[in-house]
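Q: predicted coordinates and the sequence they were generated for:
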Amino acid sequence: MGIPVAFSIGLASLIVILFSEEASMPFSLLPSQMFSGISSFTLMAIPFFILAGEMMNRAGITIRLLNLAESVVGHFRGGLAHVNILASMMMAGISGSGAADTAAIGSTMIPAMEQKGYKTDFSVVLTASASVVGPIIPPSVLFILYGSLTNVSIGKLFLGGIIPGIIMSGSMMVTSYFICKREGYGKVFQTFEKKRFLKASKKGMIALILPIAIVGSIITGFATATESGVIAVLLAIILGALFKTMNNFHVLKDTVINSMHTTAITFMILATSAIFSNILVRSRFQIIVLDVLNSLTNSPTIMLLLIIAFILIIGMFVDVTPIIIMFAAPMSLVADQLGYDPVFFGIILTISATIGAITPPVGGFLLISCGIGKIPVSDTLKIIMPYFITLVIALLIVAFLPSTVTFLPNYFME
């Protein structure tokens, strides 16, 4: 109906409050509940990371990362496809947002791939799929949200997302190789050049200072997640000045305004979702889910798979951020009852929700990518399946090998 997500969640909550005795409450309490949903020191990290990502994009970091990625994997079969995926991995370490990755990488890579003979539908789908790792490889706005809602260490979530993000990207590279080979995309005409790699590294590696500084400051205890967001902004300003792209007041003003818009949308969703989450908890949603799962099976593993399937289905119709905000707290209680590590479950839930961002009809990353490629979503339905299946397989690998998530947090922060 075209109603914004925040207001859709608020209206849905209002209807339940009006017609359900369990969830009824005085309307005078709603503003205070909405405010409590965004009144958190941890959540202050979100506007800082959004601003830092916006600044890094304006600083011309995307082109530097693309050149670095091309110097590393451009000589393989389907080179530009691999460049797209590797660049998304590196961009994930800067923006913390899959939507930002899709827009930044897609605006450059989709036209470039079309010029080299790749079909538009393939370029669009690949860009959207590669951006799924955006919120998984740290820093991550979604992990900040999840951690603030469930009291799970954000630092551990950041570290826990590194190996799963690499597994997801590696899996997509394998899929891309076979698709490119079958379709005749990206035939190899060049070899690896050490000189070109060193030149690209000199310009591109400096951009990777940001994720290293963010994760390093949290691991060492030098800064909290919120304080590391401030560090990220300061580094982005320094790099912008160094590259002479942020030394114009008007550019800085536009960057701040854009980040304010994104932050306002996120926090409005947070505010109305606070009411929604409160209704779920007071309606004993987690108990209902446990009862349903127990009626189907006694195996925690199968229960986890059912939760994954539930989130994947919800992800077809609801955007990623609202899923995390609405279901993080109640689902984490279910996971606790099942005996799952809170960091492990947080990663699994976030990956499951993020995969939904490439599935129609409400696939946020796919819609952005289709907008850049100027094709309807219906044109992507055939080619999206191999990448959806690949990402689900990668998710299952992580689910059945919890050490892929827990190894780094336990090693560095135990």
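A: Nice, thanks for sending it over.

Q: contacts for the helix or strand containing Gly147 next, please.
A: Using DSSP states H and E, Gly147 sits in helix 141-150. Helix 141-150 is contacted by residues 40, 42-43, 45-46, 49-50, 96-97, 135, 152-154, 157-158, 161, 225, 266, 270, 277, 320-321, 324-325, 328-329, 332, 342, 346, 349-350, 353-354 when judged by C-beta atoms under 8 Å, 6 or more residues apart in numbering. Backbone N, C-alpha and C define where each C-beta goes, glycine included.

Q: number of nearby residues for the residue nearest to Glu193 when sequence neighbours are not counted?
A: Excluding the flanking residues, the one nearest Glu193 by C-beta to C-beta, 6 or more residues apart in numbering is Ser71, at 7.3 Å. Residue neighbour count, defined by other C-beta atoms under 10 Å, stands at 21 for Ser71.

Q: what residues does the helix or strand in which Ser71 is found touch?
A: In the assignment (DSSP H and E), Ser71 maps to helix 61-73. With contact meaning C-beta under 8 Å, 6+ apart, helix 61-73 is reached by 79-80, 82-83, 86-87, 90-91, 94, 104-105, 108-109, 173, 193, 196-197, 199-201, 203-207, 239.

Q: PyMOL command to pick out the buried ones of these?
A: Only the buried entries of the contacts of helix 61-73 go into this PyMOL selection, using 16 or more other C-beta atoms under 10 Å:
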select buried, resi 79+80+82+83+86+87+90+91+94+104+105+108+109+173+196+197+200+201+203+204+207+239
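
Q: center of the protein - which residue?
A: Nearest to the mean C-alpha position of the chain, by C-alpha atoms, centre = their mean, lies Pro135 at 2.2 Å.

Q: and that residue, how far from Leu86?
A: According to C-beta to C-beta, to the nearest Å, Pro135 and Leu86 sit 17 Å apart.

Q: where do the helices sit along the stretch 151-300 of the chain?
A: For the stretch 151-300 of the chain, the helices defined by DSSP state H, counting those that start in this stretch occupy 154-160, 162-183, 194-204, 209-219, 225-242, 249-282, 285-296, 300-314.

Q: and the last one, what does it pack against?
A: Identification of packing neighbours for helix 300-314 by 3 or more C-beta pairs under 8 Å, 6 or more residues apart in numbering; DSSP states H and E yields helix 285-296, helix 320-338, helix 342-355, helix 381-400.

Q: relative to helix 320-338, how tilted is it?
A: 160 degrees (axes from the mean of the first three to the mean of the last three C-alpha atoms, to 10 degrees).

Q: cool, the fourth one as well?
A: With the same axes, to 10 degrees as the basis, helix 209-219 and helix 320-338 are set at 30 degrees to each other.

Q: only alpha carbons, please: show helix 209-219 as PDB.
A: What follows is helix 209-219, C-alpha atoms only, in PDB (Å, rounded to 0.1, in the frame of the first residue of the first chain):
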ATOM      1  CA  ILE A 209      42.600   0.800   8.100                       C
ATOM      2  CA  LEU A 210      39.000   1.600   9.100                       C
ATOM      3  CA  PRO A 211      37.800  -2.000   9.800                       C
ATOM      4  CA  ILE A 212      41.100  -2.900  11.400                       C
ATOM      5  CA  ALA A 213      40.900   0.100  13.700                       C
ATOM      6  CA  ILE A 214      37.300  -0.500  14.600                       C
ATOM      7  CA  VAL A 215      37.600  -4.200  15.400                       C
ATOM      8  CA  GLY A 216      41.100  -3.700  17.000                       C
ATOM      9  CA  SER A 217      39.800  -0.900  19.300                       C
ATOM     10  CA  ILE A 218      36.900  -3.100  20.600                       C
ATOM     11  CA  ILE A 219      39.000  -6.300  21.000                       C
END
